[in-house]
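Undergrad: Have a look at this prediction, sequence included:
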There are 12 protein chains.
Amino acid sequence: MKLLILNGPNLNLVGTRNPKVYGNTSLDQYLENLKKSYDFEKYQSNTEGEIINKLQDSEKENFGGIILNAGGYTHTSVAIADAIEAIAVPVLEVHISNIFSREEFRNKSLIAPHCIGHISGFGLLSYELAIKAFLSISQQV
Amino acid sequence: MKLLILNGPNLNLVGTRNPKVYGNTSLDQYLENLKKSYDFEKYQSNTEGEIINKLQDSEKENFGGIILNAGGYTHTSVAIADAIEAIAVPVLEVHISNIFSREEFRNKSLIAPHCIGHISGFGLLSYELAIKAFLSISQQV
Amino acid sequence: MKLLILNGPNLNLVGTRNPKVYGNTSLDQYLENLKKSYDFEKYQSNTEGEIINKLQDSEKENFGGIILNAGGYTHTSVAIADAIEAIAVPVLEVHISNIFSREEFRNKSLIAPHCIGHISGFGLLSYELAIKAFLSISQQV
Amino acid sequence: MKLLILNGPNLNLVGTRNPKVYGNTSLDQYLENLKKSYDFEKYQSNTEGEIINKLQDSEKENFGGIILNAGGYTHTSVAIADAIEAIAVPVLEVHISNIFSREEFRNKSLIAPHCIGHISGFGLLSYELAIKAFLSISQQV
Amino acid sequence: MKLLILNGPNLNLVGTRNPKVYGNTSLDQYLENLKKSYDFEKYQSNTEGEIINKLQDSEKENFGGIILNAGGYTHTSVAIADAIEAIAVPVLEVHISNIFSREEFRNKSLIAPHCIGHISGFGLLSYELAIKAFLSISQQV
Amino acid sequence: MKLLILNGPNLNLVGTRNPKVYGNTSLDQYLENLKKSYDFEKYQSNTEGEIINKLQDSEKENFGGIILNAGGYTHTSVAIADAIEAIAVPVLEVHISNIFSREEFRNKSLIAPHCIGHISGFGLLSYELAIKAFLSISQQV
Amino acid sequence: MKLLILNGPNLNLVGTRNPKVYGNTSLDQYLENLKKSYDFEKYQSNTEGEIINKLQDSEKENFGGIILNAGGYTHTSVAIADAIEAIAVPVLEVHISNIFSREEFRNKSLIAPHCIGHISGFGLLSYELAIKAFLSISQQV
Amino acid sequence: MKLLILNGPNLNLVGTRNPKVYGNTSLDQYLENLKKSYDFEKYQSNTEGEIINKLQDSEKENFGGIILNAGGYTHTSVAIADAIEAIAVPVLEVHISNIFSREEFRNKSLIAPHCIGHISGFGLLSYELAIKAFLSISQQV
Amino acid sequence: MKLLILNGPNLNLVGTRNPKVYGNTSLDQYLENLKKSYDFEKYQSNTEGEIINKLQDSEKENFGGIILNAGGYTHTSVAIADAIEAIAVPVLEVHISNIFSREEFRNKSLIAPHCIGHISGFGLLSYELAIKAFLSISQQV
Amino acid sequence: MKLLILNGPNLNLVGTRNPKVYGNTSLDQYLENLKKSYDFEKYQSNTEGEIINKLQDSEKENFGGIILNAGGYTHTSVAIADAIEAIAVPVLEVHISNIFSREEFRNKSLIAPHCIGHISGFGLLSYELAIKAFLSISQQV
Amino acid sequence: MKLLILNGPNLNLVGTRNPKVYGNTSLDQYLENLKKSYDFEKYQSNTEGEIINKLQDSEKENFGGIILNAGGYTHTSVAIADAIEAIAVPVLEVHISNIFSREEFRNKSLIAPHCIGHISGFGLLSYELAIKAFLSISQQV
Amino acid sequence: MKLLILNGPNLNLVGTRNPKVYGNTSLDQYLENLKKSYDFEKYQSNTEGEIINKLQDSEKENFGGIILNAGGYTHTSVAIADAIEAIAVPVLEVHISNIFSREEFRNKSLIAPHCIGHISGFGLLSYELAIKAFLSISQQV
């Protein structure tokens, strides 16, 4: 199963920004390192429409699952939520920080209702847990 | 009068997505077929900024009217609403489904106050009714 | 297909009231004129219960569709909404003005979720567009 | 100047209902007595549509002013508010009790924004004060 | 004790409308059948004002109790609530369906605070239980 | 059909507490007296979890129906609502007082959507009416 | 009966400020003129505490009634409302403009529940109507 | 690292209740099976206070981590949230279903802000992913 | 006068938990020490129902007053509030921390309206002040 | 330790106003009497700004603590709250009545988050308890 | 152009209060120093009414512009907002701190809609920027 | 210090759009003219993601400060707010119009809490004031 790790706005800055919340390792280094153990592609964009484009293309690019951290768009984008609902590839919502213990507007995820599952709060480890989740699901079937 | 049919995020998927809500015909096929009877251009984008760009360019591209289905941006985009208010070309709001009978956040259209009219709920037929509305308005003047 | 144009409270005053919002032509003159081109009956009442009675009677009066402008009851009447839901004849919601650009309490239509479509903001022309919509739907089937 | 005193639902019961709030004299006796000193007609109905009909007819019945106690419809009727806004005859809002010191839903008057003035809380005397207000206004002009 | 069963808007359609919610038997047949076992009169109207008139007349028509299903007016009518509060005859609120498991706006009953009791959710059987409640109360006194 | 009357917090105090609201007879005496006419078991607990335990055990204890007055937990317990939804035994919601005419937080019942019916406001008589309701339902089937 | 006309913040500017809302005559000139026909004292202050002081002193200054236009404090001052409730002298609330047709925060009067009556919207005439109201009340007793 | 899997109200019914939401396998069977691969204890209670007791005892029982599915108490229990905050043992929040796609009151988790992470929506597999998360965390340190 | 100090969930942890908010001394040590100067019994439970049981038993256990710190149940328990209202023994609400300067959901106390007084924010000293309050009240009578 | 008892608007009327809520003794008499047992100064003003002035002067007047009953300003004054936060002298919030069992707008204290503690509901005794609290705190240090 | 720098409650304490938010320099020293470079008068009061008096007097004192930091009254005073609207002298709103990054009730400025501009968050420098703004505006004209 | 003036959606239309609100000069002409006096770069985009990209690139492009007018994204973009928070370059929020006197949804700025200051309402002059603010800050350090 080919997986896509799809990151939204500002996640390219992780490791520089807000170390108390996100830690010091850059997300990019972490994912490169993770590639040694697991097979996946990664894509990051700051633009809402490009994230939607990537979600829409996932089927013809033969992805079996998508791990999505939509960053700030998690709380504002009806359009990304609609895209997740529209495509057949299952999407798993991931967050580095515990979105429930930050500002109130981060408590509400517009995309959550259309995702197959939600993993958050484990720092960068959240991504590895998400990969393991997809592997467990595929073994289960 | 040259018309522009401007479609927002995920409307390129209509015909595959949510057949219960949007039906089985692809929007693109439908519009191609409609071109046999009426004269218009069409444009679709998943990116909020590109929709704004297209709205802003409408005047110098000599469009006499715009039929806009802003998709998920209907409910979240102050910037598209500002663009509609800023340009001189009249904009008509269209929706395939009845946005009032779906999730509550779809009840509120940010762009509606700046549009000359609103047609929704007739399936793909909504587009043809919108063209007829523009023709009736231009005959009336 | 016999159509019923059903108008609610104060629509008998259109043409006298609020010319900035509704224009100068009386709705009655407009509809009489429209009868030259299309076949329909019209009924107006200021009383919520009489509008419900008329909706309930529509089936045995053999109407194929109802074009309803419920006026001020649009925003307050659960009972009219229940009647629309209860009957088999399809109802199409029409408004002369753009209800989305007026007072906030006019943004919410209680009847919209039970109607087959919604046309608003085109002035009196909204009624003719509604007739065309019914004709298009019947041709389509 | 011919005045109309227009009373809404349940005001025919005043004198029997809630003596703590409305007192013991029947509104009808009070108004009959008031007719000895002032010239006005009176009309009462429990039906929202009939109150709208009466408001709409006021112009051709040559009323110079309307004193309206809309009872429970004060807080729920967009349609009566629309009628007041639509007609040329000035309407003065009257309430027997202090609507601000009762249940919270009685704090909001939908008709108030369209009335020339508001008198409430003086018991049945509110009606006489309203007549005096109309007389003062006409003397002023 | 003479009872009045007073039904509001659209309850004349029960048996045709929404069979999943209200069942297939018409309310009228059911009540006719119930008359074989119990003594009561019945009245139905789609008009808010006529329901208020009937409530106001109940005393001089010598009713000992009223079983009221106000339909859609349950959630919007301050005027009916005021009428119930104003009259001496006790009113018992009845609903066929479980109003708490439907749309949120049906959760709130404006008339409930002024009724002696509330029975809902038992289908048409709710009416018979309401009659039994009145009989039990009168035996108790 | 064996019935269970299940009472929640503070209902063991009825007869001592708030006589204006609940009357002077103790609920326990009332139910003991009622046992002369009907066949049922009764259980009272002040602990949310014990009420859930009892609901869960109802099936293997062969109850055919449960009459539940959840007291203060009516308005706060998602867990009891979940238990009612989870079990096969039908639950009927009962209240001694009219919960709609008391504090606003008592207007909302979390358990109502999962109950087969709702009887409230008849004082202790509410319990007998609930038993009669179960008997009527079982005769009907 | 000695009356006090008590005006709050910015009412000393009436006649200069917002002519569309308040007219061109200064309130002071108007009241001086009114003194030719009626007997009253007047007091104006921009300070919340001084208005409270004046209300508290009204009893020992032998005022029989107070006509209060609390200006902007109408919508924000719990302390003035408490003062009105605390004193024995009756207070009548007056406003020059129709507070219901302006900004939403002006719809709510904190002092209204403690006043014997409310007169608003008649321009400066509101003050004379308030004096007439006090005279009518005293005649009535 | 000894783990505790702590389940709240009604989770003992999983496998019987709402198969569409929770599936057909009983949670107990699933966990028993999981014990073959991982080392943990399990505890279930329907009582809020007993869950708090267990959380408080976790330190002296030498648990290195707690996997908590608080069921319906997730959305209502400030007291359980306080307990999680008070103890030193890390707590991981788990849900079988996607709480974001069910009733709105299930969108809000009171305990989430005090948990180290959140895993939901994977069915019973959520528990195994939670164990893996704890193992990954302990390896990381 | 025999007093009961009744503590709710997690108060057995005070001294270990959140030293910034609650300080370092354990509540139990503090109360044991306080017993040298004052006469009272103490009881702590994490279970809502057991707190209600204890409140209900207070009368037959001859307590003259109850000092209640309901912990997290302060903000969620209608049932404890009902119990306080139902019993004759006066209850005094106590909190260690200033509940008004913490999370917003801690601003609202459901039990406060039924208590004779409220003391909060003085750390453990709040308990001694509460005892002194009861002594002052009893001396006063 | 020199204490200041600082009273806000209308507290000079206590003993005359609302005897059901505040009792019959005047606050001034009570405090004069209390001076026989304790050492403090007192100050009352109806003006928000004068209360702020007094709070700001407290440091150079060498007060060791302030007992503040801000009356109606408790619920509306951000400026008094800011003053309390700005000064070094500790402030203790006091209320005569139980502010939680009165109108809802009295439930929220803007000043509470900046006070060292809160005592309310004990009638005039609240002041003596507040003095005792300050004495206990100073002994403790 | 003569300018007035008008400061509201507690701004006389700046430099002592909350150094993290407002810095260590006293506002008074800062303004005295600023007088070396610019020509303006300054006035500070803790009393809402005195601020209104000063605003009203600004015209006859020949001020060409007012720089207003209304402190805590920014968020609560309709009366100051009315005064700004009523006078002809332009008012510029200034804040030392970023009011948008503090408590939520500080996000809303009642006076902002009536000011010609808003400068906030630059510390004491905000005042100098406001003077420069007035100079730029006057040069522009 | 090199400054970046970063403009969001529709600001390229200023001078054509809404002259009452934004004036007649085009923003581009104004900024070109301003370049004669000050040193800065300018960038405008209608796309949320491109604004984020530009913000993220500001550090490596050696900007010392950013003047941001985010247009309609001011009120909807969590992602832009996150970007501002993430970068080290200080951002100053600017608006041409007074956002507080327009539609309510424009009252709330999501980006304000992360900016060093806020200047709005001075028309195009707001940009020059922002430049002056940066110069003053850099001189101050």
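TA: Everything's here; your move.

Undergrad: okay, CA-based contacts and neighbour counts for the rest of this
TA: Noted.

Undergrad: Can you tell me how far A:Ala133 is from D:Leu31?
TA: Per CA to CA, to the nearest Å, A:Ala133 is found 79 Å from D:Leu31.

Undergrad: Sorry, wrong one. I was asking about A:Ser138.
TA: Relative to D:Leu31, and taking CA to CA, A:Ser138 is found at 82 Å.

Undergrad: low-scoring stretches of chain A, by residue?
TA: The model of chain A has pLDDT under 70 over residues A:17-23, A:140-141.

Undergrad: the more surrounded of A:Ala133 and D:Leu31?
TA: Of the pair A:Ala133 and D:Leu31, A:Ala133 is the one with more neighbours under other CA atoms under 10 Å in any protein chain shown, namely 22 against 18.

Undergrad: Could I get the contacting residues of the more buried one?
TA: H:Leu129 (CA atoms under 8 Å, 6 or more residues apart in numbering or on different chains).

Undergrad: for the longest helix belonging to chain A, which positions count as buried?
TA: For chain A, the longest helix by residue count, based on DSSP state H, is helix A:125-140. Neighbour counts over helix A:125-140 (16 or more other CA atoms under 10 Å in any protein chain shown) mark A:Leu125, A:Ser126, A:Tyr127, A:Glu128, A:Leu129, A:Ala130, A:Ile131, A:Lys132, A:Ala133, A:Phe134 as buried.

Undergrad: again, but for stretch A:62-72
TA: A:Phe63, A:Gly64, A:Gly65, A:Ile66, A:Ile67, A:Leu68, A:Asn69, A:Ala70, A:Gly71, A:Gly72.

Undergrad: Give me the nearest residue to the first one, chain neighbours excluded.
TA: Using CA to CA, 6 or more residues apart in numbering or on different chains and skipping residues adjacent in sequence, the residue nearest A:Phe63 is A:Lys2, 5.1 Å away.

Undergrad: looking at the sheet around A:Glu93, what are its partners?
TA: Beta bridges link A:Glu93 to A:Leu68, A:His118, judged by DSSP bridges.

Undergrad: Report the separation between it and E:Tyr127.
TA: Taken as CA to CA, the span from A:Glu93 to E:Tyr127 is 50 Å.

Undergrad: ok, now A:Phe63?
TA: A:Phe63 is 58 Å from E:Tyr127, by CA to CA.

Undergrad: From K:Leu124, how far out is the residue nearest to A:Phe63?
TA: 57 Å.

Undergrad: surely A:Phe40 meets A:Leu3?
TA: Yes - here A:Phe40 reaches A:Leu3: they are 4.7 Å apart, a contact under CA atoms under 8 Å.

Undergrad: Find the nearest non-adjacent residue to the closest residue to chain B within chain A, please.
TA: Using CA to the nearest CA, the closest approach of chain A to chain B is made by A:Gly49 at 3.8 Å. Closest residue to A:Gly49 apart from its sequence neighbours, by CA to CA, 6+ apart: B:Thr47 at 3.8 Å.

Undergrad: which residues touch that neighbour?
TA: A:Thr47, A:Glu48, A:Gly49, A:Glu50, B:Gly8, B:Pro9, L:Thr47.

Undergrad: go with 10 Å
TA: Residues in contact with B:Thr47 (CA atoms under 10 Å, 6 or more residues apart in numbering or on different chains) are A:47-53, A:79, B:8-9, B:73, L:46-49.

Undergrad: from memory A:Thr16 sits against A:Thr25, does it?
TA: Yes - at 8.1 Å, A:Thr16 counts as touching A:Thr25 under the criterion of CA atoms under 10 Å.

Undergrad: Neighbour count for the two, which is higher?
TA: With neighbours defined as other CA under 10 Å, A:Thr16 and A:Thr25 compare such that A:Thr16 has more, 16 against 13.

Undergrad: Not counting sequence-adjacent ones, nearest residue to the more buried one?
TA: Nearest to A:Thr16 is A:Asn24, by CA to CA, 6+ apart, at 6.7 Å.

Undergrad: Nearest spatial neighbour of A:Ile96, chain-adjacent residues omitted?
TA: A:Gly123 is the one closest to A:Ile96 (CA to CA, 6+ apart), at 4.3 Å.

Undergrad: Strands of chain A, start to end?
TA: Using DSSP state E, the strands of chain A run over A:3-7, A:40-44, A:65-69, A:91-95, A:117-120.

Undergrad: Just the C-alphas of the fourth one, formatted as CSV.
TA: Extracted in CSV, the C-alpha atoms of strand A:91-95 (Å, rounded to 0.1, in the frame of the first residue of the first chain):
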residue,chain,number,x,y,z
VAL,A,91,-7.8,9.9,4.8
LEU,A,92,-6.4,9.8,8.4
GLU,A,93,-6.2,13.1,10.3
VAL,A,94,-3.0,13.8,12.2
HIS,A,95,-1.8,16.6,14.4
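
Undergrad: so how far is K:Glu104 from the residue of chain A found nearest chain D?
TA: Distances between chain A and chain D by CA to the nearest CA are smallest at A:Glu104, namely 29.4 Å. Counting by CA to CA, the gap from A:Glu104 to K:Glu104 is 12 Å.

Undergrad: Over to A:Ile131?
TA: In terms of CA to CA, A:Ile131 sits 39 Å off from K:Glu104.

Undergrad: who touches the spatially most central residue of chain A in this structure?
TA: With distances taken as CA atoms, centre = their mean, A:Leu68 lies nearest the centre of chain A, 2.1 Å away. Listed by CA under 10 Å, 6+ apart, the contact set of A:Leu68 reads A:4-8, A:43-44, A:51, A:55, A:74, A:84, A:91-95, A:111, A:115, A:118, A:127, A:130.

Undergrad: Separate out the buried members of those residues.
TA: By 16+ other CA under 10 Å, the contacts of A:Leu68 give A:4-8, A:44, A:51, A:55, A:74, A:84, A:91-95, A:111, A:115, A:118, A:127, A:130 as buried.
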